[in-house]
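J.: Kindly generate the corresponding structure for this input.
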Amino acid sequence: MGGIFDVAKKLGYPDHDTDFALTLANWDVPEGPYLYLPILGPSSPRDATGFAADMAIDPFTWIGQGTTAHTIGAGPAPA
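T.: Residues are numbered from 1 along each chain as shown. This is a model prediction of the structure:
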């Protein structure tokens with residue numbers, strides 16, 4: 001139902017938690033070399049790409065930030 005209601009739980013389907021890095025792994029994208037990213041810590045190129053994609057498609061990354069929050073009247077005016 002557009003991600004608003006969890007109809008699968010009522011049908012008995014179990015919960016699962018995934019991210020875009022797991023999707024890339026299922027598409028046979030190789031993990032790549034070990035990376036240590038400042039602030040983010042240890043990762044691989046596949047995991048770093050998955051993390052960036054997850055952040056980009058998460059609506060809470062964009063809604064409620066800066067001018068968007070000010071436009072809908074949900075926060076202080078940006079400086």
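J.: Every contact and neighbour count from this point should use C-alpha atoms.
T.: OK.
J.: Run through the protein and note the low-pLDDT ranges.
T.: By pLDDT under 70, the weakly predicted segments of the chain are 1-3, 64-79.
J.: how about 50 then?
T.: 1 (pLDDT under 50).
J.: In contact with the residue most central in space within it, which residues?
T.: Residue closest to the average C-alpha location in the chain (CA atoms, centre = their mean): D54, at 2.4 Å. Neighbour list for D54: D19, F20 [criterion: CA atoms under 8 Å, 6 or more residues apart in numbering].
J.: how close does it get to D19?
T.: Distance of D54 to D19, given as CA to CA, to the nearest Å: 7 Å.
J.: same thing with P33?
T.: Per CA to CA, P33 is found 20 Å from D19.
J.: just checking, what's the longest helix in this protein?
T.: Counting by DSSP state H, the longest helix found in the chain is helix 45-57.
J.: Next secondary structure after it?
T.: Following helix 45-57 in sequence order, the next helix or strand is helix 59-62 (DSSP states H and E).
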